[in-house]
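Participant: fold the following and give me the result.
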Amino acid sequence: MSTLREDAEAILQASIQAVLPEEAVRKALSGASFPGRVRLVAIGKAAPRMAKAAHGLLGEQIEKGVVITKYGHSLKAPFPFPVIEAGHPLPDENSIRGARAALELVSGLGAEDTVLLLLSGGGSALFELPLIPLAELAHITEALLKSGADISEINTIRKRLSGVKAGRFAEIAAPARVYCIILSDVLGNRADLIASGPASPDPSTAGEAFAIIQKYGIALSPAAREALRRDTPRSLPHVQLTITGSVRELCRAGMEATVSLGYEPRLLTDSFSGEAGDAGRALAQYALAYRNTDRPLAFLMGGEPVVQVRGKGLGGRSQELALSAAETLAGLPGAALFAFGSDGTDGPTDAAGGFVDGTTGETLIRMGLSLEEILAENDSYHALLKTGGLLKTGPTGTNVNDLAVLLLRPSR
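Facilitator: Residues are numbered from 1 along each chain as shown. Model prediction:
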């Protein structure tokens, strides 16, 4: 019989394999026609795989292209387009370089031409032409990420501080048609929030933006305040948007993987967006409620948890979610919980997520470590490293949020 850790690894791999973006791009391009010149701009953690799929279908129809992705996420020569790697989760000079390359690519196009825009998660940082100094934008972004703000709040601010987000990139590309294929990493699949909506009309208001700034106590310069007040495009009639791939598909794939291993799956939610620690503790409670189960069970929770960073440790939201469950699972035989980000890079770490079971808490105690202190310091990475609980995949080439799974086996 496989171990719980082996089952967790198998579920993780099968889930990610099912949401790789190639098939999503092929489906979105099925039946599409591009009579004029075609220029490709691919942005995000999944950009190389999306560009690879588009090039495989359209070939030399694509006259020129550029691919903008996170450091370490490039594929080896699957297409003839230059690749620019840039900063994430904070923008850097290469983020600006990528945006300028994309703007140069779409300049001079006519109404009969097409910009094939391929978007995936991570684009908010990777693709940037800030309306304020880059250092200030990075500072504001970091403050929001550490505040516990959700992605809709963070991106409402980021897109209004940018010259290429909130529909502004598509506005610049006019009169060319913009055919935009989006791999969603945002709950509710709001196109204006995915990669901060470079080709999406912007429904946000300056009042909403300032309310978020006030809520989280973010300091702004006069230039940043003026940028938040600027109007954003409300209508982009030359843009066609297609959203494909989401956390719902990740959850579905996870359920199918648990069934293949003999578990009875129960999907609790595919839209969780609260604190990672709360999610881990809540999911672990099902281990107590069903500790006397007579058959293998799997409880699944998908979504985009957040972490309010108070400490100076290293970790990511999936690692913190998993480690937060360790105390509840302590001493329970046949119980394990794991969580992972589908992009393979959870937070600023080289791990996709974390795995804990009934022995994790005891192992930390034997090492003289306090679980409470570790979580207070937001240092889940080093704790899971010590217990052998890190899940590592490397960059996966996709990005459709996170999945957490509790596995239970009969203990008798």
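Participant: name the element E23 belongs to?
Facilitator: Using DSSP states H and E, E23 sits within helix 21-29.
Participant: sheet partners, orientation included, of the helix or strand that that helix is followed by?
Facilitator: For helix 21-29, the following helix or strand on the C-terminal side (DSSP H and E) is strand 38-43. Taking DSSP bridges as the criterion, strand 38-43 sits next to strand 62-70 (parallel), strand 114-119 (parallel) in its sheet.
Participant: send the alpha carbons of the last one over as CSV?
Facilitator: Extracted in CSV, the C-alpha atoms of strand 114-119 (Å, rounded to 0.1, in the frame of the first residue of the first chain):
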residue,chain,number,x,y,z
THR,A,114,-4.4,41.3,-34.6
VAL,A,115,-2.5,41.3,-31.3
LEU,A,116,-2.8,37.8,-29.8
LEU,A,117,-2.5,38.5,-26.1
LEU,A,118,-1.9,35.5,-23.9
LEU,A,119,-2.4,36.3,-20.2
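Participant: give me the mean pLDDT for it.
Facilitator: Mean pLDDT, strand 114-119: 98.
Participant: residues in contact with it?
Facilitator: 25, 34, 36-44, 47, 50-51, 54, 58, 62, 106, 109, 169-170, 173, 176-183, 194-195, 198-199 (Cβ atoms under 8 Å, 6 or more residues apart in numbering). In short, each C-beta sits where N, CA and C put it, glycine included.
Participant: who's in contact with A209?
Facilitator: 156-157, 160, 228.
Participant: then V25?
Facilitator: 50, 53-54, 57, 118, 181, 244 are the contacts of V25 under Cβ under 8 Å, 6+ apart.
Participant: so for the helix holding E23, what gets flagged as buried?
Facilitator: 21-22, 24-25, 28-29 (16 or more other Cβ atoms under 10 Å).
Participant: what about S2, how many residues nearby?
Facilitator: 11 (other Cβ atoms under 10 Å).
Participant: quick check, it in a helix?
Facilitator: No: going by DSSP: H, G, I helix; E, B strand; the rest coil, the assignment for S2 is coil, not a helix.
Participant: wait, it touches L261, no?
Facilitator: Yes: S2 lies in contact with L261 (Cβ atoms under 8 Å); the separation is 7.3 Å.
Participant: what do the two both touch?
Facilitator: A10.
Participant: are any of the contacts of strand 114-119 buried, and which?
Facilitator: Looks like those have 25, 34, 37-44, 47, 50-51, 54, 62, 106, 109, 169-170, 173, 176-183, 194-195, 198-199 buried, using 16+ other Cβ under 10 Å.
Participant: low-confidence ranges in the stretch 51-200 of the chain?
Facilitator: 77 (pLDDT under 70).
Participant: ok, how many other residues are close to A135?
Facilitator: 9.
Participant: strands along the stretch 201-350 of the chain, start to end?
Facilitator: With DSSP state E, counting those that start in this stretch as the criterion, the stretch 201-350 of the chain has strands at 239-243, 264-272, 297-303, 335-341.
Participant: go through the ones you listed and name the closest to S15.
Facilitator: S15 lies closest to strand 335-341 among the strands of the stretch 201-350 of the chain, at 8.2 Å (Cβ to Cβ).
Participant: just how off-centre is that closest one within its chain?
Facilitator: Mean-position distance between strand 335-341 and its chain equals 17 Å (Cα atoms, centre = their mean, to the nearest Å).
Participant: can you check stretch 119-130 too?
Facilitator: 12 Å.
Participant: buried ones in that stretch?
Facilitator: 119-130.
Participant: widest-spaced pair of those?
Facilitator: S120 and P130 (20.9 Å).
Participant: would you verify that E85 is located in a strand?
Facilitator: Yes: assigned with three-state DSSP, E85 falls within a strand.
Participant: surely A335 touches T293?
Facilitator: No: the pair A335 / T293 is not scored as a contact, 9.8 Å apart, by Cβ under 8 Å.
Participant: overlap in contacts of those two?
Facilitator: Going by Cβ under 8 Å, 6+ apart, residues that sit against A335 and also against T293 are 408-409.
Participant: neighbour count: these two, which is higher?
Facilitator: A335 (27 against 17).
Participant: before we move on, back to that, pLDDT and distance to Q214 for the buried residues of helix 21-29 - can I get that in CSV?
Facilitator: Output for the buried residues of helix 21-29, formatted as CSV (pLDDT from 0 to 100; distance: Cβ to Cβ, whole Å):
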residue, pLDDT, distance to Q214
P21, 91, 37
E22, 91, 43
A24, 86, 38
V25, 93, 40
A28, 90, 39
L29, 93, 43
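Participant: would TSV of these with distance to N189 be doable?
Facilitator: Listed next are the buried residues of helix 21-29 as TSV, based on distance: Cβ to Cβ, whole Å:
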residue	distance to N189
P21	15
E22	19
A24	13
V25	16
A28	14
L29	19
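Participant: E9 contacts L391, doesn't it?
Facilitator: Yes: between E9 and L391 a contact is recorded at 7.4 Å, counting by Cβ under 8 Å.
Participant: neighbour-wise, which of these two wins?
Facilitator: A direct count of neighbours by other Cβ under 10 Å for E9 and L391 places L391 higher, at 23 against 16.
Participant: G262 reaches L297, doesn't it?
Facilitator: No: with contact defined as Cβ under 8 Å, G262 does not reach L297; the gap is 10.4 Å.
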